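**Student:** need a 3D model of the sequence below.
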Amino acid sequence: MSTPFKEHSRTSNIQHRTFGPPATAPIVEVGTVCGRLVIIRLHSADSERRGMEAGAKGCNLYSFVGPAAPTDPCDPCDYHFEEMATRTIAQILFPDSVASGVTTWLSARWVTAHGAYCPASEPVRFTLQGGAVLPEAA
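**Tutor:** Take a look at the predicted model:
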């Protein structure tokens, strides 16, 4: 007995779009620094749209504490991996072990679903504000 429906394979009509790593680095904008919490905005360098770069699944964020940024923004010996942001607005909470008033640098790079990276962004500088106030010893 034949069926009136045509047999199709599930993938016969699906077109897979593959993207290589994005060609340009993200732009990192420091929005607010409130105590140890830093709110940043990420966006594409070559587009006015607010979303991530085409093909990017997220953005790796790196920080460095010191007076001058190292030359390679993604060198694991110099920079500290903070997180992979999956949205264009991200928050980074610095631990109490990072001194108040220090110069801090942030850098980022887009990441694809297959783990490919784009070039790293130019480091952005900001000053980390003070932390909790401790009571004076009696």
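**Student:** got the contact list for the residue nearest to Asp72 when sequence neighbours are not counted?
**Tutor:** Distance criterion C-beta to C-beta, 6 or more residues apart in numbering; nearest residue to Asp72, sequence neighbours excluded, is Asp78 at 6.9 Å. C-beta: built from backbone N, CA, C; applies to glycine. Contact analysis of Asp78 by C-beta atoms under 8 Å, 6 or more residues apart in numbering lists Phe64, Pro70, Asp72.
**Student:** for the first one, pull up the helix or strand it's in.
**Tutor:** Put plainly, it is Phe64. Per DSSP states H and E: Phe64 is located in strand 56-65.
**Student:** buried ones in the helix or strand just after that strand?
**Tutor:** Proceeding C-terminally, strand 56-65 gives way to strand 80-85 as the next helix or strand, assigned by DSSP H and E. Going by neighbour count (16 or more other C-beta atoms under 10 Å), the buried part of strand 80-85 is Glu82, Ala85.
**Student:** for the following helix or strand past strand 80-85, packing partners?
**Tutor:** Per DSSP H and E, the first helix or strand lying C-terminal to strand 80-85 is strand 89-93. Applying 3 or more C-beta pairs under 8 Å, 6 or more residues apart in numbering; DSSP states H and E, we find strand 89-93 packed against strand 37-44, strand 56-65, strand 80-85.
**Student:** any idea of the angle the longest one forms with strand 37-44?
**Tutor:** Counting by axes from the mean of the first three to the mean of the last three C-alpha atoms, to 10 degrees, strand 56-65 lies at 130 degrees to strand 37-44.
**Student:** just give me how far strand 56-65 sits from the chain centre.
**Tutor:** Distance of strand 56-65 from the chain centroid (C-alpha atoms, centre = their mean, to the nearest Å) equals 3 Å.
**Student:** each with direction, which strands does it pair with?
**Tutor:** Within its sheet, strand 56-65 is paired with strand 80-85 (antiparallel), strand 103-112 (antiparallel), according to DSSP bridges.
**Student:** OK, contacts around the residue nearest to Tyr62 when sequence neighbours are not counted?
**Tutor:** Ranked by C-beta to C-beta, 6+ apart and with sequence neighbours excluded, the top spatial neighbour of Tyr62 is Tyr79, at 4.0 Å. Each residue near Tyr79 by C-beta under 8 Å, 6+ apart is listed here: Tyr62, Ser63, Phe64, Pro70, Pro73, Ser107.
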